[in-house]
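> I'll drop the sequence and a predicted model, then ask my questions.
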Amino acid sequence: QVQLVESGGGLVRPGGSLRLSCAASGSFFRIDDMGWYRQAPGKQRELVATITSSGSTHYADSVKGRFTISRDNAKNTIYLQMNSLKPEDTAVYFCNAEGRRGNIFVNFPFGSWGQGTQVTVSS
């Protein structure tokens with residue numbers, strides 16, 4: 001089983017910054033793509049940003065230029081630096097990881113979600 005633990009959420013004023021972290025632990029052969037998603041009240045979960053094991057990134061148009069995703073493969077951890085936060089960024093932010101469990105000879109895919117961390121942007 002692969003566990004993801006997010007941290008770093010909180011209350012911030014518009015224009016402020018927050019940094020989220022997500023650490024993966026448990027039994028896995030490798031982690032491929034990791035990412036951040038968010039879900040606001042009454043809305044569907046949406047992609048925020050993803051990063052591959054080699055560092056390629058992808059961002060939702062709504063956060064481009066404001067958010068930066070990064071990754072420390074040695075720590076199996078990703079980060080989301082959020083700057084110039086807006087009230088519409090208010091949501092529960094979830095971490096996601098996809099990879100392979102098992103070993104080099106026999107392995108199979110996994111996908112895991114964290115429990116979420118609340119980000120509230122309000123004056």
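That came through fine. Numbers count the residues shown, from 1 in each chain.

> nearest residue to the most centrally placed residue in the chain other than its sequence neighbours?
Central residue of the chain (CA atoms, centre = their mean): residue 36, 2.7 Å from the mean position. Leaving aside its sequence neighbours, residue 36 sits nearest to residue 48 (CB to CB, 6 or more residues apart in numbering; 4.3 Å). (Glycine included, C-beta is placed from N, CA and C.)

> what lines up beside the helix or strand the one you found falls within in the sheet?
Using DSSP states H and E, residue 48 sits within strand 46-51. Counting by DSSP bridges, the strands paired with strand 46-51 are strand 30-39 (antiparallel), strand 57-59 (antiparallel).

> Nearest to residue 19 among the ones you listed would be which one?
strand 30-39 (11.6 Å; CB to CB).

> Which residues outside the closest one are in contact with it?
With CB atoms under 8 Å, 6 or more residues apart in numbering as the test, strand 30-39 has contacts from 2, 20, 22, 24, 45-53, 69, 71, 73, 76, 78, 80, 89, 91-100, 116, 119.

> Show me just the buried residues among these.
By neighbour count, with 16 or more other CB atoms under 10 Å, the contacts of strand 30-39 hold 2, 20, 22, 24, 48-51, 69, 71, 76, 78, 80, 89, 91-97, 99-100, 116, 119 as buried.

> Which of those fall within strands?
If you go by DSSP state E, those have 2, 20, 22, 24, 48-51, 69, 71, 78, 80, 91-97, 99-100, 119 in strands.

> Do you know the pLDDT at the residue lying closest to residue 84 once chain neighbours are set aside?
Leaving aside its sequence neighbours, residue 84 sits nearest to residue 66 (CB to CB, 6+ apart; 4.6 Å). What the model reports for residue 66 is a pLDDT of 98.

> Repeat that for residue 1.
Value listed for residue 1 in the pLDDT field: 85.

> now do the one 4 residues further on
Note on residue 5: pLDDT of 95.

> for it, which residues make a bridge with it?
For residue 5, the beta-bridge partners under DSSP bridges are residue 23.

> Cross-check the contact I'm expecting between it and residue 114.
Yes - Residue 5 is within contact range of residue 114, at 6.2 Å (criterion: CB atoms under 8 Å).

> Brilliant, that's me finished.
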